[in-house]
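Visitor: mind folding the following:
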Amino acid sequence: MDVVVERLTAGGYAFAYPEYVRQVPTEDDLVAMRRAEQVIGPSPLALRACLEIVGAVNLCGDGGAVLPHVAYHADPYEEWVLYPDPLVLPPGAHLWRDWESWGGGFEQGCACTDPEEEDRCRFHLEGFLFAFAPDEAHKANVSGGEQNILLPSNAADPELIGARHRTGVTLIEYLRISLAWGGFPGYDEAHAFIAVPGMIEELRRDLLMF
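Guide: Next up is the predicted model:
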């Protein structure tokens, strides 16, 4: 992703959050990941690779003339027919923060351990939906939702829940599509009458697909 970030910068792309565009995993991220797994349970291999190896990415921003469909601080061009879905990957510490806001004092004990308690808690009943990234609309600064991953999970490649028009897509599949479109996978679903900007070809040029 470093190559994509460099090419966007050279092309005059205005990142919405310059300080969060690219963050390599830190020791704090790794500690947060281990702490989260001790409480929540196992994380899918693909998710761990994202959080512990790849690190955080945030390509939200304003594309101007080079990427006219991509907008965060202005009305996006033809946004009603296309959300470019700039790639966003969270830092490892985000998993623990998201769990704290959702799970609260779960570490202090759970009612499910009480033999007299008939109702299971929401975690043991439904699992924990980790807010992996904003959804396509939210990435365009429009009211939207989230792309989630259900935890705990022993799956190697988990489903990315909440990706618009991609029901059942897995995390690795989504990342492959993202790289194939230079970090803007929404173009994969663009109508035939929408001209894909030439910048997309530049962004994905010579990228190593996996």
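Visitor: which secondary structure element of this protein has the lowest mean pLDDT?
Guide: Every helix and strand in the chain was compared by mean pLDDT, DSSP states H and E; the lowest is helix 122-126, with a mean of 78.
Visitor: could you point out which element follows that helix?
Guide: strand 128-134 (DSSP states H and E).
Visitor: who does that next one pair up with?
Guide: Strand 128-134 sits in its sheet next to strand 146-151 (antiparallel), going by DSSP bridges.
Visitor: show me the contact partners of the strand it pairs with.
Guide: With contacts defined as Cβ atoms under 8 Å, 6 or more residues apart in numbering, strand 146-151 is touched by 40-41, 43-44, 47, 127-135, 138, 158-163, 171. In this view, the C-beta of every residue, glycine as well, is placed from N, C-alpha and C.
Visitor: separation between H94 and F130?
Guide: Per Cβ to Cβ, to the nearest Å, H94 is found 9 Å from F130.
Visitor: so for those two, which sits in the more crowded spot?
Guide: F130 (26 against 20; other Cβ atoms under 10 Å).
Visitor: how far away is the residue nearest to that one when sequence neighbours are not counted from G183?
Guide: Nearest residue to F130, sequence neighbours excluded (Cβ to Cβ, 6 or more residues apart in numbering): I149, at 4.8 Å. Applying Cβ to Cβ, the value for I149 to G183 is 20 Å.
Visitor: rewinding a little: tally of neighbours for the residue nearest to F130?
Guide: 26.
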